[in-house]
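1. Structure, please.
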Amino acid sequence: MITIAVDCMGGDHGPEVTLPACSLFLDQHPDVQLILVGLPQSMAGYAHERATVMLASEVVTMDDPLEVALRRKKDSSMRVAIMQVKDGAAQAAVSAGNTGALMAISRYLLKTLDGIDRPAIAGQIPNARGHATTVLDMGANVDCTAEHLLQFAVMGSALVSVLSGEDNPTVGLLNIGEEAIKGNEVIKKAGELLRAAGKAGDLNFYGNVEGNDIFKGTADIVVCDGFVGNVALKASEGLAGMIVDFLKKEFSRNILTKMSAIAAYPVIAALKKRMDHRRYNGGALLGLRGLVFKSHGSADQLAFGFALTRAYDAARNNLLDRVRVRIAHAAPLLTADDVSI
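-> Numbering: from 1, shown residues only. Here you go, the predicted structure:
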């Protein structure tokens, strides 16, 4: 049995979304049991044969400062859920709560893996190949060194190999051009480290990629700092919503466009499904001594279900051990004074 701890109070909707999503997820996965953490009044009456309700007395709000979330609210639903991973009661935790608080509490309780300086958030953006490009970091680290970007690439490779079954996924370094001479000094040095890692067999380095390559699916994984990654994520979600809204308006203008919409419905439905960001919900907090997944705060039942699925797949396929092995193999590059390319 795979056990996942869930912060049921996190996000914009809380138990109104998380509890129904958990029930559906349990019905679809007979090899899973959940530990559901929430306030007494919110969890009253909930029951499922493979769910254990654990009560908390506090909730981390979306606007709580890190000091409050980490130091003062020690019995929050978020912290109690993560504690289940630390104590070994659960193999993964999922929360739609405050991203900064989730990262801070997770790092404080679980600590980072050997060889990892900073955990990163890895998320997925749909691409033209019909799959998704994994991008990291997506907001945990605004300023990164070249070594951090190498760590992200190694951890991202382990994640994609688990979630997609691709043993040797390609890694691209986000840059302003494909040429090795492009970019600032951090990016240039990161390119050197990634090329060296590719030669050493630590990862499959594709080379520099540009922003449009994320949507083309040029590389399976794209590494960048958290500022750029978060902007790319929000831009992709905004673009997807704009396209869907545009099609709705255009096909509802008059009787002819409505008839055209009926004829084109299968294509429109397929496009909408492919671009639906809810299907890619669930960012992995990589680099910790435990599995933690971040759901969008605005997630509905469908989206939160996908976040649970990401955590389930990671736990079932031993993501943590795979990350450890890859990091240990790449460790010499992180301490080398000079890198041969």
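2. all contacts plus neighbour counts: C-alpha atoms, from now on.
-> Fine.
3. Just want the most central residue of the chain.
-> In the chain, the C-alpha nearest the mean C-alpha coordinate belongs to residue 283, at 1.3 Å (CA atoms, centre = their mean).
4. List the beta-bridge partners for that one.
-> Beta bridges link residue 283 to residue 294, judged by DSSP bridges.
5. Could you check how far it is from residue 124?
-> From residue 283 across to residue 124, the span is 8 Å (CA to CA, to the nearest Å).
6. which helices and strands sit right next to the longest helix along the chain?
-> In the chain, taking DSSP state H as the definition, the longest helix is helix 226-250. In terms of contacts (3 or more CA pairs under 8 Å, 6 or more residues apart in numbering; DSSP states H and E), helix 226-250 is packed against strand 132-136, helix 255-275.
7. mean confidence for the last one?
-> Right, the one you point to is helix 255-275. Averaged across helix 255-275, the pLDDT comes to 67.
8. now swap in the first one and tell me
-> The pLDDT scores in strand 132-136 average 93.
9. and that strand, what does it pack onto?
-> strand 120-126, helix 146-164, strand 221-223, helix 226-250.
10. was I right about residue 299 contacting residue 277?
-> No: judged on CA atoms under 8 Å, residue 299 makes no contact with residue 277 at a distance of 9.9 Å.
11. Distance-wise, check the residue nearest to the centre of the chain relative to residue 53.
-> Residue 283 is 24 Å from residue 53, by CA to CA.
12. where do the strands sit along the chain?
-> 2-7, 32-38, 51-55, 92-95, 120-126, 132-136, 170-174, 204-209, 221-223, 283-286, 291-294 (DSSP state E).
13. what are the C-alpha coordinates of the last one, in CSV please?
-> To tie it back to what came earlier, the one meant is strand 291-294. As requested, the backbone C-alpha atoms of strand 291-294 are provided in CSV (Å, rounded to 0.1, in the frame of the first residue of the first chain):
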residue,chain,number,x,y,z
LEU,A,291,8.4,13.5,-1.2
VAL,A,292,6.3,16.6,-1.1
PHE,A,293,4.0,17.8,-4.0
LYS,A,294,2.5,21.3,-4.4
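14. Buried by neighbour count: which residues of it qualify?
-> For strand 291-294, burial by neighbour count (16 or more other CA atoms under 10 Å) applies to 291-294.
15. Poorly predicted segments of the stretch 151-300 of the chain, please.
-> Within the stretch 151-300 of the chain, the ranges that satisfy pLDDT under 70 run 239-241, 244, 247-248, 250-251, 258, 260-261, 264-265, 267-275.
16. any idea how far residue 36 lies from residue 22?
-> In terms of CA to CA, residue 36 sits 9 Å off from residue 22.
17. and residue 197, how far is that from residue 205?
-> 8 Å.
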